[in-house]
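J.: need a structure here:
(chains A and B)
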Protein chains: 2
Amino acid sequence: MRLSEIRIAGFGGQGVILAASIIGRAAAIFQGGYATMTQSFGPEARGGSSSAQVILSTEPILYPYVSQADVLVVMSQEAYTRFSPQLKPGGILITEHELVHIDKMPSGIRVYGVPATRLAEELGRKVVLNIVMVGFFGAVTNLLDPDALRKAVADSVPPALQKLNLQAFDKGFEYGDLLLHKLAESGEAESVVSMEAEH
Amino acid sequence: MRLSEIRIAGFGGQGVILAASIIGRAAAIFQGGYATMTQSFGPEARGGSSSAQVILSTEPILYPYVSQADVLVVMSQEAYTRFSPQLKPGGILITEHELVHIDKMPSGIRVYGVPATRLAEELGRKVVLNIVMVGFFGAVTNLLDPDALRKAVADSVPPALQKLNLQAFDKGFEYGDLLLHKLAESGEAESVVSMEAEH
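T.: Model (predicted):
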């Protein structure tokens, strides 16, 4: 059974593919699940955009394409414009809050924003913004075991960069966790609303 | 028409996925082709191994799985052991020369080795070994336009790391180019042989 279909998109150099790969790997680590991560390149690859699809499943996946995503993670305005119409009704939209401006909010979608670039810069390395996004994704979707995601991060980066990347993961996760708590307090967590983190 | 099926494998943190993604992107950049990059995760993902499949095609790809690869790039002994039996007769095996020991040479396969980790260390950053491998792959397979590959490298890494990554690409490419010239001089370039670079 397909558990979830996820699309991650942004521009080249943001680490879209590594983020997608970590999510796929996490599904298989502790939970005994299966996942595929697929990236397709056609004429549009000539721009600098980058996108990947991840499918989480309870069994091996024979057809790895996503038509409509349950979860869309966008790290650029272009990615938002291109892919947000393909989000399923009731789906989750996760944005890099300072890079994506939501103009026409699709109805029936929950939106969670995180200033991942800024949080990464606070760690001294902007390049880990993708891992901040993965942590935030883990907290707000609750699709995967946080320890499995964390282990997938550690397994996917060079040993010398593990500490930095785990800090980035934790930072994103904590930001998401705090956001959910704030929403729960305000009674909005269970409702379908458009919201972004305060900062 | 499928032009080539490529598998890249190693251990986590070596940047297998980024290398595969760059090759896929290059196919679409100048050559107007199509490509998919797929990574599958199942129970074996619990070890730290990492592998990805890339398909280069003249048209959109409906079934993105590779059964037997035309080109296999391995960056660990485990990856070599696991995937070398699935290389097509007449295929090309590319190894990280210092990490992979070829015990039983499959017959009818051309082998090219590059000390990618050492070349990356010469640039001061071991993490770019995957990009050295991409450059070497470009030179010895001649499957893709070198400029397209180079542009795909630049498009796939953060701006601050472009220079380093392009140096890594050039280093791998030059090593492969030199190797081919040596083989041509010795009259072995067109024959099916097992060979590795001198160093």
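
J.: chain B contacts on chain A?
T.: Counting by Cβ under 8 Å from any Cβ of the partner chain, the positions of chain A adjacent to chain B are A:12-15, A:17-18, A:21, A:24-25, A:27-29, A:32, A:34-46, A:48, A:50, A:60-61, A:64, A:126-127, A:155-161. (Glycine included, C-beta is placed from N, CA and C.)

J.: show the buried residues in those.
T.: A:12-15, A:17-18, A:21, A:24-25, A:27-29, A:34-42, A:45-46, A:48, A:50, A:61, A:64, A:126-127, A:155-158, A:161 (16 or more other Cβ atoms under 10 Å in any protein chain shown).

J.: give me the subset of those residues lying in strands.
T.: Among these, the residues falling in strands (DSSP state E) are A:34, A:35, A:36, A:37, A:38, A:39, A:40, A:41, A:50.

J.: so where's chain A shaky on pLDDT?
T.: Of all residues in chain A, those with pLDDT under 70 make up the ranges A:46, A:106, A:188-199.

J.: what ranges do the strands span in it?
T.: With DSSP E as the criterion, chain A has strands spanning A:2-11, A:34-41, A:49-57, A:69-74, A:87-96, A:110-114.

J.: rebuild the ones you listed as TSV, extending it with distance to residue A:133.
T.: Shown next, in TSV, are the strands of chain A (distance: least, Cβ to Cβ, whole Å):
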stretch	distance to residue A:133
strand A:2-11	8
strand A:34-41	15
strand A:49-57	12
strand A:69-74	6
strand A:87-96	7
strand A:110-114	7
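
J.: so for residue B:86, which of these sits nearest?
T.: Taking Cβ to Cβ as the measure, the strands of chain A were each checked against residue B:86, and strand A:34-41 came out nearest at 18.0 Å.

J.: the inter-axis angle of that closest one versus strand A:49-57?
T.: 160 degrees (axes from the mean of the first three to the mean of the last three Cα atoms, to 10 degrees).

J.: strand A:34-41 packs against which elements?
T.: In terms of contact count using 3 or more Cβ pairs under 8 Å, 6 or more residues apart in numbering or on different chains; DSSP states H and E, strand A:34-41 is assigned the packing partners helix A:16-29, strand A:49-57, helix B:16-29, strand B:34-41.

J.: out of these, the one nearest residue A:94 is which?
T.: helix A:16-29 (10.8 Å).

J.: how near is residue A:142 to chain B?
T.: For residue A:142, the distance to chain B under the criterion Cβ to the nearest Cβ, to the nearest Å works out to 19 Å.

J.: now do residue A:1
T.: 15 Å.

J.: didn't that residue look like it was pressed against residue A:61?
T.: No - between residue A:1 and residue A:61 there is no contact under Cβ atoms under 8 Å: 10.8 Å.

J.: the closest residue to residue A:42 other than its chain neighbours bridge partners, please.
T.: With sequence-adjacent residues excluded and distances taken as Cβ to Cβ, 6 or more residues apart in numbering or on different chains, residue A:42 is closest to residue B:34, at 5.2 Å. Here residue B:34 sits in beta bridges with residue B:57, as judged by DSSP bridges.

J.: could you pull up the residues touching residue B:34?
T.: By Cβ atoms under 8 Å, 6 or more residues apart in numbering or on different chains, the contact set of residue B:34 is A:40, A:41, A:42, B:27, B:28, B:56, B:57, B:58, B:59, B:60, B:61.

J.: and the two most separated of the residues you listed?
T.: When Cβ to Cβ is used, the two most widely separated members of these are A:40 and B:58, lying 14.6 Å apart.

J.: helices and strands around the lengthiest helix in chain A, which ones?
T.: Taking DSSP state H as the assignment, the helix of chain A that covers the most residues is helix A:162-185. In this structure, helix A:162-185 packs against strand A:110-114, helix A:116-122, helix A:129-141, helix A:146-156, with contacts taken as 3+ Cβ pairs under 8 Å, 6+ apart.

J.: how far off strand A:110-114 does it point, in degrees?
T.: Using the same axes, to 10 degrees, the direction of helix A:162-185 lies 140 degrees away from that of strand A:110-114.

J.: residue A:10 contacts residue A:72, correct?
T.: No - under the criterion of Cβ under 8 Å, residue A:10 lies out of contact with residue A:72, with a separation of 11.3 Å.

J.: closest to residue B:95 out of the helices and strands packed on strand A:34-41?
T.: By Cβ to Cβ (comparing all of the helices and strands packed on strand A:34-41), the closest turns out to be helix B:16-29, at 13.6 Å.

J.: I figured residue A:172 hits residue A:134, correct?
T.: Yes - under the criterion of Cβ under 8 Å, residue A:172 makes contact with residue A:134 at 6.5 Å.

J.: quick check: residue A:123 vs residue A:101, distance?
T.: 25 Å (Cβ to Cβ, to the nearest Å).

J.: more neighbours, those two?
T.: Neighbour count, other Cβ atoms under 10 Å in any protein chain shown: between residue A:123 and residue A:101, residue A:123 has more, with 17 against 9.

J.: kind regards, and thank you for your time.
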